[in-house]
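>>> Mind folding the following:
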Amino acid sequence: MSKIKVDEVICIKGSTLMVFYTPGHCWEFRIISRTGGIFGEQKIYYTAEAALRTGLEWLRDER
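So this is what the prediction gives:
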């Protein structure tokens, strides 16, 4: 069983940002857009704050 830990779920103007931890990939983020698309990259972030900051930048650039 995979041990995923969700740290943050933030909704901003119809999009949802989720920051999570997996033992194999450290911290990551995914964005669920207003239209239902899922975006992110499989890049390793060593802190939840770094993943959150990058996810928020993606959301800002989405507009």
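>>> what about this protein, any weak spots by pLDDT?
For the chain, residues meeting the criterion pLDDT under 70 lie at 1, 62-63.
>>> middle-most residue in the protein, spatially?
Taking C-alpha atoms, centre = their mean, the centroid of the chain lies closest to residue 29, which sits 1.9 Å from it.
>>> how near is it to residue 56?
The spacing between residue 29 and residue 56, counted by C-beta to C-beta, to the nearest Å, is 9 Å. Quick note: C-beta positions are derived from backbone N, CA and C, even for glycine.
>>> Now do the strands in this protein.
Ranges of strands in the chain, per DSSP state E, are 5-12, 15-22, 26-32, 38-39.
>>> Report the contact partners of the residue nearest to the centre of the chain.
17, 18, 19, 20, 40, 45, 51, 52, 54, 55, 58 (C-beta atoms under 8 Å, 6 or more residues apart in numbering).
>>> Pull out the buried residues from the residues you listed.
Among the contacts of residue 29, the ones that count as buried by 16 or more other C-beta atoms under 10 Å are 17, 18, 19, 20, 40, 45, 51, 52, 54, 55, 58.
>>> biggest separation within those, which pair?
20 and 58 (15.1 Å; C-beta to C-beta).
>>> Look up the residues forming beta bridges with residue 31.
Beta bridges link residue 31 to residue 17, residue 39 when assigned by DSSP bridges.
>>> now the contacts of residue 29 in a markdown table, with distance to residue 4?
What follows is the contacts of residue 29, written out as a markdown table (distance: C-beta to C-beta, whole Å):
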| residue | distance to residue 4 |
| --- | --- |
| 17 | 16 |
| 18 | 10 |
| 19 | 11 |
| 20 | 6 |
| 40 | 14 |
| 45 | 15 |
| 51 | 13 |
| 52 | 16 |
| 54 | 18 |
| 55 | 16 |
| 58 | 20 |
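>>> how close does residue 45 sit to residue 37?
For residue 45, the distance to residue 37 equals 21 Å [C-beta to C-beta].
>>> let me redo that: residue 9
To residue 37, residue 9 is 17 Å away according to C-beta to C-beta.
>>> How about residue 17?
In terms of C-beta to C-beta, residue 17 sits 13 Å off from residue 37.
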